[in-house]
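# Predicted model follows, preceded by the sequence.
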Amino acid sequence: MAGPDALSRVGFADEARVLYPPGAAAGIRPALDRLRCGGATDIGHGLETARQVLAPAG
């Protein structure tokens, strides 16, 4: 049986950082409400950070 859905949010403007660590999808609403545009777009580091967040521990 599969577990509950999880969701994470990674920002990648001037730098890439985890804005919402993996957790229940229902808890991300406040993080989405704070979503804003700004700065540059560092998509390469954003995608790498997202990959690291999603990689299995170990």
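All right, it came through fine.

# Pop out the phi and psi values for the nearest residue to residue 25 once chain neighbours are set aside.
Leaving aside its chain neighbours, residue 25 sits nearest to residue 7 (4.2 Å; criterion: CB to CB, 6 or more residues apart in numbering). All C-beta atoms are positioned from the backbone trio N, CA, C, and that covers glycine. Dihedral pair for residue 7: phi -140, psi 150, per degrees, to the nearest 10.

# heads up, I number from 890, so please use that
I'll keep to 890 as the first residue from here, and by that count the last item is residue 896.

# Skipping adjacent residues, who's closest to the most centrally placed residue in the chain in space?
The residue lying closest to the centre of the chain (CA atoms, centre = their mean) is residue 898, at 1.9 Å. Closest residue in space to residue 898, ignoring its immediate chain neighbours: residue 909 at 3.9 Å, by CB to CB, 6+ apart.

# Assign the one you found to helix, strand or coil.
Secondary structure, DSSP: H, G, I helix; E, B strand; the rest coil: residue 909 is strand.
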